[in-house]
Each structure stands twice: as C-alpha cells, then as structure tokens.
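What follows is a protein structure lacking sequence information:
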C-alpha cells in the first residue's frame, strides 16, 4: 500500500513547507509521509522514546499533531483533485480552523502505527476531515477537523 519509491503527498505538493509535523523542510520535524490509497490517505508513524507522555505511551499532544498533519495531506490532496487554484494556478491554501480529538486507548511507544484520513465534506471554503491512528486494527486516537480556506486580510 505504501510505496517508498513514490513521492509522498507532502514531498510532491509542498516540499518547502517548514511545518513541524508534515514539513520536509524542517530538519527537526516528523517528516510525515502520506499517500493516497483510493479515497483514503494512509501513512505510518513510529512513536519514539522522546514522544513519551511520562507513562510509557505516546503523548496526547504529539498524537494530535500527527493527526492534524496527516489530515492536512488529505485536505491538500482533495484541493488538488478538485482543481481549486489561485490566480497563479497554485492550490488554494487551507488551515486548521478547529478539531476534536478522541483518545480511545493508549498508544505504545515503539511499533509503527497506521495513519488514515479521509474527507467527509468539501467545498471551496471548508473541508472536514477525519484522521485516525490505529495499531493492531484498533483505533488509538481519532480527530475530526474542520479546515478553512486561508485568505489574507
């Protein structure tokens, strides 16, 4: 399903982004790699010891960052597929407007977890995406996020 020989959504759509979670231009970030698989965006993340919540599990803030940034890949892929571009032909930007995270069970450190995300609704000004962290086919955390089209003021 995940082909490391293919550029990820992040690498192909926004390679110069410095976002901590999904930006490949940030030397200290997570460098998430998300790929489209049918209508779902998939990826993996390996929780490391420095992501510890103090009890041997993945920190909740780190979980939220991963879900938000993996969801971003689903959002920007949707924008490109729908052909929503600005006057210069670039995909229009969207930013996280709100999100709600549900933690179903602790996520252990060490084994790679599966990331999935899919758009629920999309229009040119707002996209709602659900993202999920799973391990052993069990959901660990789920985020429902609303993304708003970014417009300079």
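Nice, I can see it. Note that the structure is a prediction, hence the values are computed from the model and not measured.

so what's residue 111 up against?
46, 47, 135 (Cβ atoms under 8 Å, 6 or more residues apart in numbering). C-beta coordinates here come from the backbone N, C-alpha and C atoms, glycine included.

Assign it to helix, strand or coil.
Using DSSP: H, G, I helix; E, B strand; the rest coil, the structure places residue 111 in coil.

show me where this protein has strands.
Along the chain, counting by DSSP state E, strands occupy 34-37, 40-45, 94-103, 113-123, 126-135, 138-149.

Counting by contacts, list what the helix or strand bottoming out on mean pLDDT in the chain packs against.
Ranking every helix and strand in the chain by mean pLDDT, DSSP states H and E puts helix 9-13 at the bottom, with a mean of 92. Judged by 3 or more Cβ pairs under 8 Å, 6 or more residues apart in numbering; DSSP states H and E, helix 9-13 is in contact with strand 34-37, helix 60-82.

Among those, which comes closest to residue 148?
For these, proximity to residue 148 was assessed by Cβ to Cβ; helix 60-82 is nearest, at 10.3 Å.

Just the buried positions in the closest one, please.
Neighbour counts using 16 or more other Cβ atoms under 10 Å place 62-80 of helix 60-82 among the buried residues.

repeat for stretch 129-141
Per 16+ other Cβ under 10 Å, stretch 129-141 contains these buried residues: 129, 130, 131, 132, 133, 134, 135, 140, 141.

looking at it, residue 106 is touching residue 57, isn't it?
Yes. Assessed by Cβ atoms under 8 Å, residue 106 is found in contact with residue 57 at 4.0 Å.
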